[in-house]
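Peer 1: Just to be clear, the model below is a prediction. Sequence and coordinates:
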Amino acid sequence: MRSLVFPRVSKTPSARPFAQLFRVIDLIHEALVDGVPVTKRDIYYKDVQLFRSQATVDRLVDDLAATLQLTRADLNVRASSKGLMCGSGVTMHMQSGETLELCDGDASLIPPSEDIKRFAVAQTLAWVLVVEKEAVFQTLCRLRLATHETLPGSGLIVTGKGYPDVATRQLVKTLADNLPARVPILALVDGDAYGIDILSVYKHGSTRMRHENSHLAADRVQWLGLWASELASLGIDKDALLPITKHDEKKARSLLKRENLPARWRKELQYMLFSRRKAEIEVLGAARATQESIADLTQAASFSHCDFNRERAGGSPGTPLSRYLVKKIGDACTESGHSSED
């Protein structure tokens with residue numbers, strides 16, 4: 001619980017926190033009376049000298065919503081978008097009358113949920129992949145992984161560019177609530193403490209916005225990878241991994257104290273602390289492209305010999321990252337299909 005005290009002994013004016021709070025309340029009241037939604041960014045730029053940082057506005061808006069037991073949408077504060085998506089088989093019909101049809105090779109900005117009237121999802125949609133990093137997301141778009149010919153169907157790829165914004169979390173939550181059980185919702189994050197924390201925000205919600213977690217947390221999200229404990233089997237030497245920092249160790253130990261931490265997550269965090277190494281997604285590029293490791297991966301993904309030769313020739317993605325994902329997404333789709341039949 002946070003409290004404001006006046007007067008108080010400090011190096012900065014003790015009235016500033018109150019001025020900031022009342023300014024935020026004033027701007028929200030104005031938005032409600034005028035019926036014009038605002039974003040946190042809008043509020044910040046209304047009085048930069050007073051707020052001094054965007055984080056101040058973010059904290060005050062979230063605290064107000066939690067205190068009043070309302071959502072930010074109830075306060076007419078809407079999410080500004082930063083997340084991206086690409087893929088095939090999903091069409092969004094907007095409140096404005098426009099239609100947003102996704103492409104498997106180009107990224108589209110994820111619109112706020114208030115702007116979306118309804119979704120149309122094709123029967124061919126077989127999987128959803130949430131990616132932590134924008135750079136990795138852009139690579140997968142460029143490789144057209146969403147329509148990879150060896151996967152059991154088309155896919156949707158989403159990124160929140162690190163810790164996700166509300167619009168991205170709302171999209172993932174909506175998909176989790178409405179897609180059939182046969183469609184797995186998977187997450188690709190770094191095999192370190194911060195990657196697991198980002199995964200936790202998608203799956204369990206955030207502490208700061210726990211009053212809205214029922215509308216934002218998507219429990220169906222499964223951790224696809226990257227797991228530090230699996231890298232040796234992919235031909236990646238321990239020396240290729242980055243050493244953990246004091247911040248990594250502190251974050252890992254903090255996560256291990258959580259009661260609802262899944263067993264797999266706990267195991268990977270303990271492995272990271274024991275090995276003193278962390279696995280970032282980009283390390284897959286360091287995989288030794290030996291004929292043995294290639295054969296293992298391609299056989300697991302049910303590739304034929306001519307399929308793989310065509311992949312190496314440029315007919316379809318053949319990077320270590322794409323081979324890794326093709327195998328693991330395929331396995332997840334098979335497992336989800338069997339589970340939905342039971």
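Peer 2: Received it, and whenever you're ready, just let me know what you need.
Peer 1: tell me the phi and psi of Ser154?
Peer 2: Comment: the main-chain dihedrals of Ser154 come out as phi -80, psi 160, following degrees, to the nearest 10.
Peer 1: burial count for Arg72?
Peer 2: When counting by other Cβ atoms under 10 Å, one arrives at 21 neighbours for Arg72. C-beta: built from backbone N, CA, C; applies to glycine.
Peer 1: How about it: what's its closest non-neighbour residue?
Peer 2: Leaving aside its sequence neighbours, Arg72 sits nearest to Ala65 (Cβ to Cβ, 6 or more residues apart in numbering; 5.2 Å).
Peer 1: Contacts only, for Gln95.
Peer 2: When contacts are counted by Cβ atoms under 8 Å, 6 or more residues apart in numbering, Gln95 is found next to Glu114, Asp115, Ile116, Lys117.
Peer 1: taking those residues one by one, which sit in strands?
Peer 2: For the contacts of Gln95, the ones inside strands are Ile116, Lys117, with DSSP state E as the criterion.
Peer 1: now the contacts of Gln95: which count as buried?
Peer 2: When burial is judged by neighbour count using 16 or more other Cβ atoms under 10 Å, the buried members of the contacts of Gln95 are Asp115, Ile116.
Peer 1: Need the contacts of Gln95 in CSV (columns: distance to Gly155 and pLDDT).
Peer 2: Compiled in CSV, these are given as follows (distance: Cβ to Cβ, whole Å; pLDDT from 0 to 100):
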residue, distance to Gly155, pLDDT
Glu114, 26, 78
Asp115, 23, 80
Ile116, 20, 84
Lys117, 24, 85
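Peer 1: ok, the contacts of Gln95 vs Gly225, which is closest?
Peer 2: Ile116 (29.6 Å; Cβ to Cβ).
Peer 1: quick one: the closest one and Gln95, what's the gap?
Peer 2: Remark: distance between Ile116 and Gln95 (Cβ to Cβ, to the nearest Å) = 7 Å.
Peer 1: Would you mind measuring from Gln123 to Arg41?
Peer 2: Distance check for Gln123 against Arg41: by Cβ to Cβ, it reads 38 Å.
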